[in-house]
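A predicted structure for the sequence below; I have some questions about it.
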Amino acid sequence: MSEATPSKVQARHLKRDAYLYVRQSTLRQVLENTESTQRQYALQGRAVALGWRQEQVVVIDSDLGQSGACAADRQGFQHLVAEVSLGHAGIVMGLEVSRLARNSTDWHRLLEICALADTLILDEDGVYDPAHFNDRLLLGLKGTMSEAELHVLRARLRGGLLNKARRGELEVRLPIGFVYDAQQRVRLDPDARVQESIRQLFRTFRRTGSATATVKAFREQGLTFPRRVFHGPHKGEILWGELGHSRVLQVLHHPRYAGAFCFGRSRQRRHPDGHTVYLRLPPEDWTALIHDAHEAYIAWEDYEHNLQVLRDNAHAQGADRERGAPREGPALLQGLAVCAVCGERMTIRYHTYRGRQAPDYVCQRRGVEQARPVCQQIPGAGLDEAIGRLLIESVTPLTLEVALAVQQELEQRVAECERLRRQEVEQARYQSDLARRRYLQVDPDNRLVADCLEADWNTALRALVQAQERYEHQRQAEAAGLTEAQRASILALAQDFPRLWHDPQTPDRERKRMARLLIADVTLLKAAEITAQVRFHGGATHTLRLPLSKPAWLRRQTSPSVVTAIDALLDDYTDAETAEQLNDQGFTAGEGGRFHATTVARLRTAYALRTRYARLRARGLLTQAEIAERLDVAPATIKNWRRAGLLVAHRYDDKGQCLFEPPGPDAPKKFLHQGKTPVRSATTTPNTNPSTL
């Protein structure tokens, strides 16, 4: 202690308490480095020697086992700072400056507060007053050196670790499916069931192209997935459970499954609020990436392809990642349609037309993000049909290979799932046999142990029975799902790819997958007509030009040929008779239905066609009153003569109203018509027994 030390301790300091801060960086140091802890507690005697009473010495040791790198994790340090700020501390004691803080921010903040509160600082070298420039300068240097010491320690510890990582010799926790052998080399897990489950995951993802679809496939097949326990009493054991979406992503993103050693894939960063975040780094920023370091489940090319598929499926991670996995819905160009106006990918809207879903391709990204009008909206029904015809023409030479591959894939799926479930049964049988052997080896008189082992045996037997039941149930279901008739149907479809494409049993998602095998994208432009620029994988292009889809009112409009036919038929038929003639000739109404008298009347009025009455009058036909006046008879007599067939009449409506041809030289005469040969009517059957007047 320097000669100036006693003068720094004044009566005002002694009136307040002396605070002793005790800390060790790790719990291991607390248990093993006991001398350091005792030296820190011994500073209480220094405070008593300087004039503080024993009861005035406050010991803060709640941060034992806490690092000094950050004050947010140390409750004891925060309590010390609060007491100093409130003016309760006359002196703060610590064995070394590093005990108080390992970073300059916390240390200088404490110095500022101590200077304002007139609080002294004591370490093993002496007493300091932060309000004095020289003491504060010395304390600042000590704090800087403490922070530099921490950096040097970390660099020494991490330097060797990074060197081993760059050589690929660092032992790190392995993902499920890998183990270390006796020579500390990475090997595939010797458990065949674990290996097959991981390979099944990669096969399923390759087939479905989606992590979510992989999870669904495992659940539908009743398959489980392993995980290794790293903590607790069951450390090192493998547990089996349902496959989760996060577990699929972990497996697909891990380079170990491609046989590559990797280190430094993420970077740890602490935020001002104290919580830690991990930033995922691109491969070029990893500390180490060594290909072909050990055995692998997939090739590196397959690993990169899987990541690309995941990026395509990630809609929320950027404008370029919008293709997505093939989904349900009839839109064939889902994820493939590109707007020719702005270059953005087009989204899909569905509407119902005649009880079926019809797609529309819409470019609305700028409309959503920048409140701009929609670039284009193109009806997709006719476009999808044209693209389908183009694909049929393109893949016809490969039809047989495609269908045979479909059949082989179906059979392979069944065999793979059955093999996994059989391994599950074998594992359950092994656990049952093991429990049985343990039970038989125990002394029967030791009931406490025997009862427990018997219960374990019963549990293992129940698990075996359940596994066998699941295996048999799923095997029967798969056998029923792929009958000989279906196999023959697949072979028949193999010879006719158009039938495979148009088969109602083919899901829309499978059609999209087949389309993506050939098409890279389709650029759409809507002008006087719809132009579709189809770009195939490999660089070949094909241009389709389609007429614009008619609006709804125009699609329901009656065609001119029907109007012309109605105009011609009205010369000889009434409205109802015209409707019958149109239906017999195969004509359909505007909405595709049958014609009726009211339909013909509405069309006649809409297109200003002459009525049958006007047409007959134009031909000179007379009304009942007019012909009665000419023949000098009563109108009722005209009706009787028409029924008798003595006059030629033509109906002009569907109510039986008629017009009459002008009477000729042989027209019936009043009182003289009897005995004459009756004249046939144009619309009525002659009466063989005409009534007399």
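Okay, I see it.

and stretch 78-88, how far from the chain's centre?
In terms of Cα atoms, centre = their mean, to the nearest Å, the gap separating the centre of stretch 78-88 from the centre of its chain is 53 Å.

what comes into contact with that stretch?
The contact list for stretch 78-88 (Cβ atoms under 8 Å, 6 or more residues apart in numbering) reads 16-17, 19, 21, 58, 60, 62, 71, 89, 92, 109-110, 113-114, 117, 119. For the C-beta atoms, the positions are set from N, CA and C on the backbone; glycine is no exception.

tell me which of those residues is nearest to Arg602?
Ala71 (87.0 Å; Cβ to Cβ).

picking up where we left off before, among the contacts of stretch 78-88, name the ones in helices.
Within those, membership in helices is found for Arg109, Leu110, Ile113, Cys114, Ala117, as judged by DSSP state H.

How about Thr588: what's its closest non-neighbour residue?
When the adjacent residues along the chain are set aside, Thr588 lies closest to Arg594, with 7.4 Å between them (Cβ to Cβ, 6 or more residues apart in numbering).

Just give me the neighbour total for the one you found.
One way to gauge burial is a neighbour count; for Arg594, by other Cβ atoms under 10 Å, it gives 12.

try Leu138
Leu138 is surrounded by 14 other residues when neighbours are defined as other Cβ under 10 Å.

quick one: it is in a helix?
Yes: under DSSP: H, G, I helix; E, B strand; the rest coil, Leu138 falls within a helix.

Let me know the distance separating it from Val648.
Leu138 sits at a distance of 135 Å from Val648 (criterion: Cβ to Cβ, to the nearest Å).

what do you get for Val84?
Using Cβ to Cβ, one gets 126 Å for the distance from Val84 to Val648.

still on that earlier bit, and the contacts of stretch 78-88, which is closest to His132?
Each of the contacts of stretch 78-88 was checked against His132 using Cβ to Cβ; the closest is Cys114, at 11.3 Å.

Could you check which helix or strand contains the closest residue to the closest one other than its chain neighbours?
What sits nearest to Cys114 in space, not counting adjacent residues and going by Cβ to Cβ, 6+ apart, is Pro130, at 4.4 Å. Pro130 belongs to no helix or strand when assigned by DSSP states H and E.

which stretch of helix or strand covers Arg615?
Per DSSP H and E: Arg615 is located in helix 612-618.

wait, Ala117 sits on Ala89?
Yes: judged on Cβ atoms under 8 Å, Ala117 makes contact with Ala89 at a distance of 7.2 Å.

Among these two, which residue is more densely surrounded?
For Ala117 and Ala89, the more surrounded residue by other Cβ under 10 Å is Ala89, and the numbers stand at 26 against 18.

Bridged to that one, which residues?
Beta-bridge pairing for Ala89 (DSSP bridges): Asp17.

wait, what's in contact with it?
Ala89 sits next to Arg16, Asp17, Ala18, Tyr19, Leu80, Glu83, Ala117, Thr119 when contact means Cβ under 8 Å, 6+ apart.

Filter those residues down to the buried ones, PyMOL style.
This is how PyMOL selects the buried members of the contacts of Ala89, with burial counted by 16 or more other Cβ atoms under 10 Å:
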select buried, resi 16+17+18+19+80+83+117+119
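
Dump the contacts of Ala89 into CSV; add pLDDT as well.
As requested, the contacts of Ala89 are exported to CSV (pLDDT from 0 to 100):
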residue, pLDDT
Arg16, 93
Asp17, 92
Ala18, 93
Tyr19, 92
Leu80, 88
Glu83, 91
Ala117, 90
Thr119, 91
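
Between the contacts of Ala89, which sits nearest Glu171?
Nearest to Glu171 out of the contacts of Ala89 is Leu80 (Cβ to Cβ; 40.2 Å).

Using the three-state scheme, assign the closest one.
Assigned state for Leu80: helix (three-state reduction, three-state DSSP).

any idea how far Ile638 is from it?
Here the distance between Leu80 and Ile638 works out to 126 Å (Cβ to Cβ).

now swap in Gly236 and tell me
Counting by Cβ to Cβ, the separation of Gly236 from Ile638 is 113 Å.

Those two: which is more packed in?
When Gly236 and Ile638 are compared on other Cβ under 10 Å, the one with more neighbours turns out to be Ile638, at 26 against 8.

Output the contacting helices and strands for the strand or helix carrying that one.
For Ile638, the element it lies in under DSSP H and E is helix 635-644. For helix 635-644, the packing partners by 3 or more Cβ pairs under 8 Å, 6 or more residues apart in numbering; DSSP states H and E come out as helix 624-631, strand 658-660.

Now do that helix: distance to the chain's middle.
The chain centroid and the centroid of helix 635-644 are separated by 81 Å under Cα atoms, centre = their mean.

by how many degrees do it and helix 624-631 diverge?
Computed with axes from the mean of the first three to the mean of the last three Cα atoms, to 10 degrees, the direction of helix 635-644 lies at 100 degrees from that of helix 624-631.

Using PDB, write out the CA atom coordinates for the helix holding Arg615.
Listed next in PDB are the C-alpha coordinates belonging to helix 612-618 (Å, rounded to 0.1, in the frame of the first residue of the first chain):
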ATOM      1  CA  ARG A 612     -94.500 -16.000 -88.500                       C
ATOM      2  CA  TYR A 613     -97.700 -14.000 -88.600                       C
ATOM      3  CA  ALA A 614     -96.000 -11.200 -90.500                       C
ATOM      4  CA  ARG A 615     -94.300 -13.700 -92.900                       C
ATOM      5  CA  LEU A 616     -97.700 -15.300 -93.700                       C
ATOM      6  CA  ARG A 617     -99.400 -12.000 -94.100                       C
ATOM      7  CA  ALA A 618     -96.600 -11.000 -96.500                       C
END
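
Now do the buried residues in that helix.
Of the residues in helix 612-618, Arg612, Tyr613, Arg615, Leu616 count as buried by neighbour count, 16+ other Cβ under 10 Å.

now, among those residues, which is nearest to Asn458?
Nearest to Asn458 out of the buried residues of helix 612-618 is Arg612 (Cβ to Cβ; 93.2 Å).
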